[in-house]
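Trainee: pasted the sequence and its predicted model underneath.
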Amino acid sequence: MKKLTNPTPVKLPSGSWRCQVMVNGQRVSVVDQDPAVAHAKALALKAGLIESERKERKITLADAIQAYTEAGSGALSPSTVRGYDCVRKHRFPGLMGRDVHSITRLDVQRAVSEEAKKVSPKTVANAWGLVSTVLKDYGVEITGVKLPQKIKKARTYLSAEEIAKLIDAAVGDPCELPIVMAVWLGLRRSEICGLCWDCVDMEKGTVTVRRTLVPDKDNQWVLKDGAKNEGSQRTVKCPEYIMGKLREKYRGQTGRVFSDHPDTIRRHVHTICKRAGISDTTVHGLRHANAAVMIALGVVDKYAMARNGWTSDYTFKQIYGYVFPEGANETDVLINSYFEEKLKLHTDLHTEDAGA
């Protein structure tokens, strides 16, 4: 193909070629099956020799996000819709009233910098992820935006000994069963609260995760069919300790196994940690503890991922997995002993050579 001067044609997933030029301060796209034709039309358009075949319809960023959310409402979870709605209402206020075609990289960078003063780097990154996707739908591709650096938070996790104390202190608590299921089975709070009796197999001793309890855009808790993602839909074998308690609780009921409000379980976790005299944690922190147990036991990655519903090795190892202090100490002793032995051997050989 003959080398073309700017603007450069870009091949689209459809197979067509697109050229973009700035006309009267607005970015206009020209699409054609032939890259040379698209290029020629774009140059002619910029020179004023031809008019755009269609004028870009003006739409504010807020309305564009709303349209994007509504278009995907049937496929999006209530919590995802809630997140999109939160971005539209609370993030990048200086951009939300602007026509999407007028937004520039500099506008976005300024908005990102302002948001970074108010919320976490992760919140800013998530918000920009949605906005950039919506802008692309209208032919506005903005690259090179510098996001605030994410800061890894120092978290306190339960040790192996503290996990045992937690389970012991939970005995008799109204939320004992959901708390034990979180740390023993690695279930998410949304999965525990969304567990229904038709997903509990008393004969096989299993629970199947296929529903979750999540907040919608109005902060109302709703039961959703399906888990967080496809990999999260799974069946977990329960120990007799848990199945026995489920059998005691079951009275021919239907619907949710645990009718407690999700925040009730959260509060009881804090209460039990205090009662047991162990590090304070959350329901989600118990899922982290479960990952640490599997790492300590040397469970094969793919089995650990399948059991807890993770779809990537990165999520399991880098986000959830941590090592117990006891294991780290044993590693220190092992490595130090190795080098001390090597040093002793070297010193002995050196002494022998000197004596000879």
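Mentor: Thanks, I have it.
Trainee: near the closest residue to L158 other than its chain neighbours, how many other residues are there?
Mentor: Residue nearest to L158 in three dimensions, not counting chain neighbours: A289, with 4.7 Å by C-beta to C-beta, 6 or more residues apart in numbering. For every residue, glycine as well, the C-beta is placed using N, CA and C. Per other C-beta atoms under 10 Å, the neighbour tally for A289 reads 23.
Trainee: now A289. Its backbone dihedrals?
Mentor: phi -60, psi -40 (degrees, to the nearest 10).
Trainee: tell me if I'm right that I65 and V134 touch.
Mentor: Yes: at 5.4 Å, I65 counts as touching V134 under the criterion of C-beta atoms under 8 Å.
Trainee: quick check: the residue nearest to L158 vs A160, distance?
Mentor: 9 Å (C-beta to C-beta, to the nearest Å).
Trainee: quick one: contacts for the nearest residue to R189 once chain neighbours are set aside?
Mentor: Spatial nearest neighbour of R189, chain neighbours left out: V283 (4.3 Å); criterion: C-beta to C-beta, 6+ apart. Neighbour list for V283: I179, A182, R188, R189, I192, I265, R266, V269 [criterion: C-beta atoms under 8 Å, 6 or more residues apart in numbering].
Trainee: which ones among the residues you listed map onto helices?
Mentor: Members of these lying in helices (criterion: DSSP state H): I179, A182, R189, I192, I265, R266, V269.
Trainee: didn't the second one look like it was pressed against R189?
Mentor: Yes: the pair A182 and R189 qualifies as a contact (C-beta under 8 Å) at a distance of 7.0 Å.
Trainee: what residues does the helix or strand hosting W184 touch?
Mentor: For W184, the element it lies in under DSSP states H and E is helix 176-185. By C-beta under 8 Å, 6+ apart, the residues outside helix 176-185 that reach it are 163, 166-167, 170, 173, 187-189, 192-193, 207, 236, 238-239, 241-242, 245-246, 249, 258, 260, 265, 268-269, 272, 283, 286-287, 289-290.
Trainee: would you map the strands across the chain?
Mentor: 10-11, 17-23, 26-32, 200-201, 206-209, 211-215, 221-225, 234-237 (DSSP state E).
Trainee: least confident of these, on average?
Mentor: Per-segment mean pLDDT for the strands of the chain reaches its minimum on strand 26-32, at a mean of 78.
Trainee: just checking: what are the partner strands of it?
Mentor: Strand 26-32 pairs in its sheet with strand 17-23 (antiparallel), by DSSP bridges.
Trainee: ok, residues contacting the partner strand?
Mentor: When contacts are defined by C-beta under 8 Å, 6+ apart, strand 17-23 is touched by residues 7-12, 27-35, 38-39, 41-43, 45-46, 52, 139.
Trainee: and those, which of them are buried?
Mentor: For the contacts of strand 17-23, a burial check counting by 16 or more other C-beta atoms under 10 Å picks out 7, 9, 27-32, 35, 38-39, 41-43, 45-46.
Trainee: check these and tell me the two furthest apart.
Mentor: Using C-beta to C-beta, those span at most 18.4 Å, a distance reached by R27 and P35.
Trainee: residue contacts, L166?
Mentor: L158, I179, V183, I272, C273, A276, I278, L286.
Trainee: as a markdown table, these with pLDDT, neighbour count and distance to G309 would be great.
Mentor: Converted to a markdown table, the contacts of L166 look like this (pLDDT from 0 to 100; neighbours: other C-beta atoms under 10 Å; distance: C-beta to C-beta, whole Å):
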| residue | pLDDT | neighbour count | distance to G309 |
| --- | --- | --- | --- |
| L158 | 86 | 26 | 20 |
| I179 | 94 | 22 | 19 |
| V183 | 89 | 23 | 16 |
| I272 | 95 | 23 | 24 |
| C273 | 94 | 21 | 25 |
| A276 | 93 | 17 | 27 |
| I278 | 93 | 19 | 26 |
| L286 | 91 | 26 | 15 |
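Trainee: mark which of those are part of helices, please.
Mentor: I179, V183, I272, C273, A276, L286.
Trainee: among those, which one lies nearest to S16?
Mentor: L286 (51.0 Å).
Trainee: thought A304 was touching A296?
Mentor: No: under the criterion of C-beta under 8 Å, A304 makes no contact with A296, lying 11.3 Å away.
Trainee: those two: who's more crowded?
Mentor: A304 (23 against 15).
Trainee: okay, the residue nearest to the more buried one when sequence neighbours are not counted: pLDDT?
Mentor: In space, and not counting its chain neighbours, A304 is closest to M294: 4.5 Å by C-beta to C-beta, 6+ apart. For M294, the model assigns a pLDDT of 82.
Trainee: count of neighbours near M294?
Mentor: 20.
Trainee: swap in C196?
Mentor: C196: 17 neighbours (other C-beta under 10 Å).
Trainee: and the gap between it and T208?
Mentor: 10 Å.
Trainee: and what of L43?
Mentor: Noted for L43: a distance of 60 Å to T208, by C-beta to C-beta.
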